[in-house]
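>>> pasting a predicted model and its sequence here:
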Amino acid sequence: MNVYKRGMIFVTFLGCCLALGLLVGALGTPYWAVSSAVRIPNPDNSDGAINFGLFAGRKSLNVAYGWRTTEFQGLL
């Protein structure tokens with residue numbers, strides 16, 4: 001086996017390990033999308049933050065009554 005073939009196999013192995021690590025990190029993160037929320041009719045008395053992950057998420061909304069935090073399930 002020549003050096004070029006062995007080198008390509010090694011580089012392919014490292015690339016696959018990197019891709020697998022990125023995939024595990026992406027599936028494990030709870031915050032894929034982070035957004036803020038404001039009510040259009042009364043933006044001074046409302047505020048919020050919404051975080052979406054693949055499997056779960058959280059929304060925290062304040063509509064002039066105090067903060068209300070709700071956990072919800074994602075796709076599955």
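It's in.
>>> so what are the domain limits for this structure?
As assigned by automatic domain parsing, the chain contains the domains 1-29, 31-76.
>>> so which of those domains is the most packed in?
Of all those, domain 31-76 carries the top mean neighbour count, a mean of 12, counting by mean count of other Cβ atoms under 10 Å. Heads up, the C-betas are built off the backbone N, CA and C, glycines and all.
>>> and the domains of the chain as TSV, adding mean pLDDT?
Putting those into TSV (pLDDT from 0 to 100) gives the following:
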stretch	mean pLDDT
domain 1-29	92
domain 31-76	83
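>>> whichever strand or helix holds L20: what's the following helix or strand?
Per DSSP states H and E: L20 is located in helix 3-28. Once the chain leaves helix 3-28, the next helix or strand it forms, by DSSP H and E, is strand 33-36.
>>> now for the residue lying closest to F72 once chain neighbours are set aside: which residues touch it?
Spatial nearest neighbour of F72, excluding adjacent residues (Cβ to Cβ, 6 or more residues apart in numbering): G57 at 5.4 Å. Shown in contact with G57 (Cβ atoms under 8 Å, 6 or more residues apart in numbering): P30, I50, N51, E71, F72, Q73, G74.
>>> what's around the first one, how many residues?
The number of residues packed near P30 is 13, by other Cβ atoms under 10 Å.
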